[in-house]
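S.K.: Attaching a predicted model along with its sequence, questions to come.
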Amino acid sequence: MENVILGMAAGTAAGIIGTGLGGAFAFLLKNPSRRWLSAILSMSAGLMIAVVCFDLLPRSFELGGFGTGLAGTAAGVIAIAALQELLFYRKSGKVKGSPGKNYLRTGILIGTGIALHNFPEGLAIGAGFASYQTFGVGLSIIIALHDLPEGIVMAAPMRMAGIHPAKIVLAALLAGVPTGIGALIGALAGEISTEFIGLCLGFAGGAMLYITCSELIPESRDLYRGRISGLGLILGILIGIIMSRFI
């Protein structure tokens, strides 16, 4: 029972602290120019691509196998596309609202993707505590650091929509809660099926990949048509690769 409580506490702390600190990036975005916003948004997209392609999907294929990971990825794309259509589009297919509301939509979708991603990470933490407590603690620290760039990716479009930084941080904190839920389930189950974790990671990867390609990159190009958008994207990918390598 002690490992269950410790696993849930560590998982909750890892998700909330990691995404929360990333969300605090919103306090640094004060009256930015369209050029600067484009750079931030494209760099966020690059970070997301790197996290998905060099961390989430490889881990999904490793744990669940290629077929399971690919099925999860496809399911994630379809689910978020359907959610986007259901929540934010008219029957004619035109987006509702002003550009600010579009950025808010992007932030909400990213937050959804991060929450989906955090759940299987929590499963891993809980299973880690069930097998060996020290391993669970180390995994919690790694995941907390890994969640930092995701909080930044979520914060950027929401700040561009005019949302107060304190509310953005709160939203980022809430996106980290599924890590604790997953950790509780993982610790109670003792040993979660690796195929199931792989499927969940693939699902989250597909969701985040769709959000990046359909929302972040087009919004960045719409903001500013210069080279800064492409350079920001490349820089974000490189930073994400480095973080995936060392975190």
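M.R.: Sure thing, it's come through.
S.K.: from here on, contacts and neighbour counts on C-alpha atoms
M.R.: OK.
S.K.: Pull up the gap between the residue nearest to residue 9 when sequence neighbours are not counted and residue 167, please.
M.R.: Once flanking residues are discounted, residue 9 sits nearest to residue 180: 6.8 Å by CA to CA, 6 or more residues apart in numbering. In this view, residue 180 and residue 167 are 21 Å apart by CA to CA, to the nearest Å.
S.K.: I figured residue 208 hits residue 111, correct?
M.R.: No: applying CA atoms under 8 Å as the test, residue 208 and residue 111 come out as separate, 9.4 Å apart.
S.K.: more crowded one of the two?
M.R.: Shown here are residue 208 and residue 111; by other CA atoms under 10 Å, residue 208 has more neighbours (30 against 25).
S.K.: mind checking pLDDT for the more buried one?
M.R.: Note on residue 208: pLDDT of 80.
S.K.: is it true that it lies in a strand?
M.R.: No: using DSSP: H, G, I helix; E, B strand; the rest coil, the assignment for residue 208 is helix, not a strand.
S.K.: who touches it in this structure?
M.R.: The contact partners of residue 208, taken as CA atoms under 8 Å, 6 or more residues apart in numbering, are 48, 52, 77, 110, 113-114.
S.K.: go again using 7 Å as the cut-off
M.R.: 110, 113 (CA atoms under 7 Å, 6 or more residues apart in numbering).
S.K.: and it, how far is that from residue 52?
M.R.: On the measure of CA to CA, residue 208 and residue 52 end up 7 Å apart.
S.K.: Tell me the buried residues in the longest helix along the chain?
M.R.: Of all the segments of type helix in the chain, defined by DSSP state H, the longest one is helix 99-131. The neighbour-count check on helix 99-131 (16 or more other CA atoms under 10 Å) flags 100-130 as buried.
S.K.: which helices and strands does that helix pack with?
M.R.: On a contact count with 3 or more CA pairs under 7 Å, 6 or more residues apart in numbering; DSSP states H and E, helix 99-131 meets helix 2-23, helix 133-160, helix 165-175, helix 177-189, helix 194-211.
S.K.: just checking, residue 178 touches residue 119?
M.R.: Yes: using CA atoms under 7 Å, residue 178 is in contact with residue 119, at 4.9 Å.
S.K.: Of the helices and strands packed on helix 99-131, which shows the lowest average pLDDT?
M.R.: Among these, helix 133-160 scores lowest, with a mean of 76.
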